[in-house]
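Engineer: Quick one: sequence plus predicted model below, questions after.
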Amino acid sequence: MKKFSGMMVSLVMVFALILSACGSKNENAGASPDAGSGAPSSPASGKKLKIAVVPKLIGIPYFNASETGAKKAGADLGVDVIYTGPTQGDAAQQVKVIEDLISQKVDVIAVAPNDPASLTPVLKRAKEQGIKIMDWDTPADPSVVELSVQQIDNEVFGRTITDKLVEKMGTDTGEVALLTGGLSAANLNTWIDWAQKQAAEKYPGLKFVSDKIATDEKQQVAYQKTLDLLKAYPNLKGIMAYSTVAPIGAAQAVQEKGLQGKVAVVGTALPTDSKPYLADGSLSSALLWDPGALGYLTVALAKDLAEGKLPTDGQEVPNVGKITVKSDNKTVVMGPPTEFTKENADQYPF
Amino acid sequence: MLKLSKEAMLGLVLIALFLLMSIIAPGFLDSYNLSNMMFQLPELGILALGMMVVILTAGIDLSITYTASFSGVIAALCMSHHYPIAVAIGIGIAVALLCGLLNGFFIAIIGVSPILVTLGSMVLFEGVILTITKGNAISGFPDAFGQIGNMSIGPIPLPVIVFLVLAVITATLLNRTIWGRSVYKVGINPVAARFSGLHVKRVLLGVYLFSAFMASIAAIIMISRYNSAKVDLGSSYLLLTVSAAVLGGTEISGGYGKVKGTVYAVAIFQVLSNGLNLLGIPRTVVDILMGVILIAVLTLNYVSAKMSARKSLKVSAG
């Protein structure tokens, strides 16, 4: 039994060693002299700002890309960025992550909520501890955040997609079709409404051959429906596809039928998925935003917020561009969508 | 020679970890952080107690977190339709007990293996909740309800008090009632238990009802604390409840396990995860460390059990 206790103790010791190694490495990486947790200095007086960015989930390409951007902003602007989030999309786990961040006495918490309502109590508690609260990627409860960073303006995005389709078709008259991920997806519907409005106002010659067609967020379904469309409407000139997989399915069908250059496909796809279809022209254009820039912008604005500066409309943020501030003075829109083409699709890691 | 039980050993490990974290993790002993940990611990703790009792019978309840979320969603729906809080909680518990009854019926009466039944009911409950909520969160409860999960009596949060009371009740049930002693006997050998005149079916049914009841209490604390109920609320706890029970010394093959051990194990998880987060260690690494520790402790338990078995053999041979 003595042997057993000895083993147990040595286990704890080894563990302690690992921990202290991790801990000290972490401090070095931050390159900040540890001011000591008991130091009564206010965060503004020379101590590095601690900015916590909490994604919906860690370990998926989209949020890995925004992590890279957020970390880069931290290095550029001289602030400590803690990028941590739940390993499962469980709201309970996200709440715990934020509770632990409050204990770490960070200066700002920027969160992309899985379930906005479930974060309201913990964000209120954070606020009581003097932490500035903002959201990014997905809005949280507007009554608790001081700043809301959004990737895109829905109206601009919808209208741009129509413009881009007309540009790629090379004409503003003809038959077009519209594919969507699901009929009840709120963000997709908003974009589609603006896209159709843009078509009605600016391009009266565009004729939608049918209502929006649901593809169940599945590439295979989008592919099948596009084949049907191409058969039923031989004069079809353009397809706009919403959700990240619908454009790929549509492009796959166009590619199979060899209709590159005859039928333009424009959609909201991720660059790594789109690359092969962009290369041979079966996908004319993929429009989305750059999550890396979104992470960068979040950290940049968080630093300003901690220093008492609020963003202004038209402000130029380095590495991001011009931002727009909405009339409520706390909703920030990153800017116009990013277009992925065969030339630049390689540069994006998501 | 000083002989320590598994549970006492765990208690020592807990104290050692707590001291270690106090030294190396900045802000660990802050009153805010201590209360933070006390608020985080009960959800997993209560679920783990439910899971432990099931494991004592050599069973497992994979549907425990979805039972919790089912009962939470129904209670939340009741509240959003302006039912009184007590009624909503009552209905929530009743829903969970129905879930437990379903599991218990198939396991105890029909005799299907627990892992299959609860795997099925896990998917079933998830589907039903998704149908009811369409994946949306249900929120907007009366303020008084929010107090349950967020209130403190003195420095001690109410959920911790609920957890400790439930732990004492569980220990009393297991050690001082006929049902409780039967749970252990069924776990050791169900056939022998039946031949010695125990109502094995009734015992098993009770076990699944018990875990469902614990799930509903955890659910009420969760939805009160998070002000919202959703299909996957608490789903990340599922494997942690099994880990906590097993780390706490409960035999996965049934027949042995103590409430004390499970409580220590839950506290160890809590101190570890909080301390590592304070140290700024990435969440993915935290998961890895938790896995390593679990395997290490279980291996140690196994080796030490082997050693003492050999020793007692030697003694009897000599």
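Structural biologist: Right, received. Where do you want to start?

Engineer: Nearest residue to B:Tyr32 in space, please, no chain neighbours.
Structural biologist: Distances taken as Cβ to Cβ, 6 or more residues apart in numbering or on different chains place A:Ser103 nearest to B:Tyr32, at 6.2 Å, with adjacent residues excluded. For the C-beta atoms, the positions are set from N, CA and C on the backbone; glycine is no exception.

Engineer: I'd like the average pLDDT over the helix or strand harbouring B:Asn301.
Structural biologist: For B:Asn301, the host element (DSSP states H and E) is helix B:283-317. Mean per-residue pLDDT for helix B:283-317: 81.

Engineer: Is there proximity between it and chain A?
Structural biologist: Yes. Counting by Cβ under 8 Å from any Cβ of the partner chain, chain A has neighbours in helix B:283-317: B:283-285, B:287, B:289, B:293, B:296, B:300, B:304, B:307-308.

Engineer: Quick check on those: which are buried?
Structural biologist: Buried by 16 or more other Cβ atoms under 10 Å in any protein chain shown: B:283, B:289, B:293, B:300, B:304, out of these.

Engineer: Tell me where the stretch 101-250 of chain A has strands.
Structural biologist: Per DSSP state E, counting those that start in this stretch, the stretch 101-250 of chain A carries strands over the ranges A:108-111, A:132-136, A:147-150, A:174-180, A:206-208, A:213-214, A:236-241.

Engineer: Of all those, which one is nearest chain B?
Structural biologist: Comparison of the strands of the stretch 101-250 of chain A against chain B by Cβ to the nearest Cβ identifies strand A:108-111 as nearest, at 13.5 Å.

Engineer: which other helices and strands contact that closest one?
Structural biologist: Applying 3 or more Cβ pairs under 8 Å, 6 or more residues apart in numbering or on different chains; DSSP states H and E, one finds that strand A:108-111 contacts strand A:50-54, helix A:91-103, helix A:116-128, strand A:132-136, helix A:291-306.

Engineer: And stretch A:132-146, end to end?
Structural biologist: Counting by Cα to Cα, to the nearest Å, you get 7 Å between the two ends of stretch A:132-146.

Engineer: For A:Gly335, which non-adjacent residue is closest in space?
Structural biologist: A:Gly321 (5.0 Å).

Engineer: Let's check: the centremost residue of chain B is which one?
Structural biologist: B:Ala48 (1.1 Å; Cα atoms, centre = their mean).

Engineer: is it true that it lies in a helix?
Structural biologist: Yes. Counting by DSSP: H, G, I helix; E, B strand; the rest coil, B:Ala48 is located in a helix.

Engineer: list the buried ones in stretch B:200-209?
Structural biologist: Within stretch B:200-209, the residues that count as buried by 16+ other Cβ under 10 Å are B:200-201, B:203-209.

Engineer: In a markdown table: the residues you listed, plus distance to chain A and secondary structure.
Structural biologist: Listed next are those as a markdown table, based on distance: Cβ to the nearest Cβ, whole Å; DSSP: H, G, I helix; E, B strand; the rest coil:
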| residue | distance to chain A | secondary structure |
| --- | --- | --- |
| B:Val200 | 35 | helix |
| B:Lys201 | 35 | helix |
| B:Val203 | 32 | helix |
| B:Leu204 | 29 | helix |
| B:Leu205 | 29 | helix |
| B:Gly206 | 28 | helix |
| B:Val207 | 25 | helix |
| B:Tyr208 | 23 | helix |
| B:Leu209 | 24 | helix |
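
Engineer: how about the residue nearest to A:Ile109 when sequence neighbours are not counted, what does it touch?
Structural biologist: With sequence-adjacent residues excluded and distances taken as Cβ to Cβ, 6+ apart, A:Ile109 is closest to A:Ala52, at 4.8 Å. Listed by Cβ atoms under 8 Å, 6 or more residues apart in numbering or on different chains, the contact set of A:Ala52 reads A:81-84, A:101, A:104, A:106, A:108-110.

Engineer: do B:Gln270 as well
Structural biologist: Residues near B:Gln270 by Cβ under 8 Å, 6+ apart: B:37, B:40-41, B:44.

Engineer: which bits of the stretch 101-250 of chain B sit near chain A?
Structural biologist: Residues of the stretch 101-250 of chain B found near chain A (Cβ under 8 Å from any Cβ) are B:137, B:139-140, B:146, B:150, B:222, B:225-228, B:230, B:232-237.

Engineer: can you do 10 Å?
Structural biologist: Proximity of the stretch 101-250 of chain B to chain A (Cβ under 10 Å from any Cβ of the partner chain) is limited to residues B:134, B:136-141, B:146, B:149-150, B:222-230, B:232-238.

Engineer: Just the ones in strands from those, please.
Structural biologist: If you go by DSSP state E, those have B:138-139, B:228-229 in strands.

Engineer: Any regions of the stretch 101-250 of chain A where pLDDT drops low?
Structural biologist: Of all residues in the stretch 101-250 of chain A, none has pLDDT under 70.

Engineer: If we use 80, what do you get?
Structural biologist: A:184-186 (pLDDT under 80).

Engineer: Kindly report the residues of it close to chain B.
Structural biologist: So the stretch 101-250 of chain A meets chain B at A:101-105, A:113-122, A:124-125, A:129, A:141, A:184 (Cβ under 10 Å from any Cβ).

Engineer: List buried residues within the residues you listed.
Structural biologist: Neighbour-count burial (16+ other Cβ under 10 Å) applied to these gives A:101-105, A:113-122, A:125, A:141.

Engineer: Might you list the low-confidence residue ranges for the stretch 101-250 of chain B?
Structural biologist: Applying pLDDT under 80 to the stretch 101-250 of chain B flags the ranges B:135.

Engineer: all strands of it, in order?
Structural biologist: Ranges of strands in the stretch 101-250 of chain B, per DSSP E, counting those that start in this stretch, are B:138-139, B:152-153, B:156-157, B:228-229.

Engineer: Can you tell me which of the ones you listed is packed in deepest?
Structural biologist: Comparing the strands of the stretch 101-250 of chain B by mean neighbour count (mean count of other Cβ atoms under 10 Å in any protein chain shown), strand B:228-229 ranks first with a mean of 30.

Engineer: burial measure for B:His81, as a count.
Structural biologist: When neighbours are defined as other Cβ atoms under 10 Å in any protein chain shown, B:His81 has 8 of them.

Engineer: show me the residues around it that make contact.
Structural biologist: B:His81 makes contacts with B:Ala88, as judged by Cβ atoms under 10 Å, 6 or more residues apart in numbering or on different chains.

Engineer: Tell me how far it lies from B:Gly140.
Structural biologist: Counting by Cβ to Cβ, to the nearest Å, the separation of B:His81 from B:Gly140 is 11 Å.

Engineer: same check, this time on B:Met38
Structural biologist: B:Met38 is 27 Å from B:Gly140, by Cβ to Cβ.

Engineer: picking that back up, could you save the strands of the stretch 101-250 of chain A as JSON lines and add columns showing distance to A:Lys47?
Structural biologist: Compiled in JSON lines, the strands of the stretch 101-250 of chain A are given as follows (distance: least, Cβ to Cβ, whole Å):
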{"stretch": "strand A:108-111", "distance to A:Lys47": "14"}
{"stretch": "strand A:132-136", "distance to A:Lys47": "15"}
{"stretch": "strand A:147-150", "distance to A:Lys47": "22"}
{"stretch": "strand A:174-180", "distance to A:Lys47": "49"}
{"stretch": "strand A:206-208", "distance to A:Lys47": "57"}
{"stretch": "strand A:213-214", "distance to A:Lys47": "53"}
{"stretch": "strand A:236-241", "distance to A:Lys47": "49"}
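
Engineer: would you turn these into TSV with mean neighbour count and distance to B:Ala171?
Structural biologist: As requested, those are exported to TSV (neighbours: other Cβ atoms under 10 Å in any protein chain shown; distance: least, Cβ to Cβ, whole Å):
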stretch	mean neighbour count	distance to B:Ala171
strand A:108-111	28	39
strand A:132-136	25	42
strand A:147-150	23	49
strand A:174-180	22	56
strand A:206-208	17	68
strand A:213-214	20	55
strand A:236-241	26	60
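
Engineer: Alright, that wraps it up for me.
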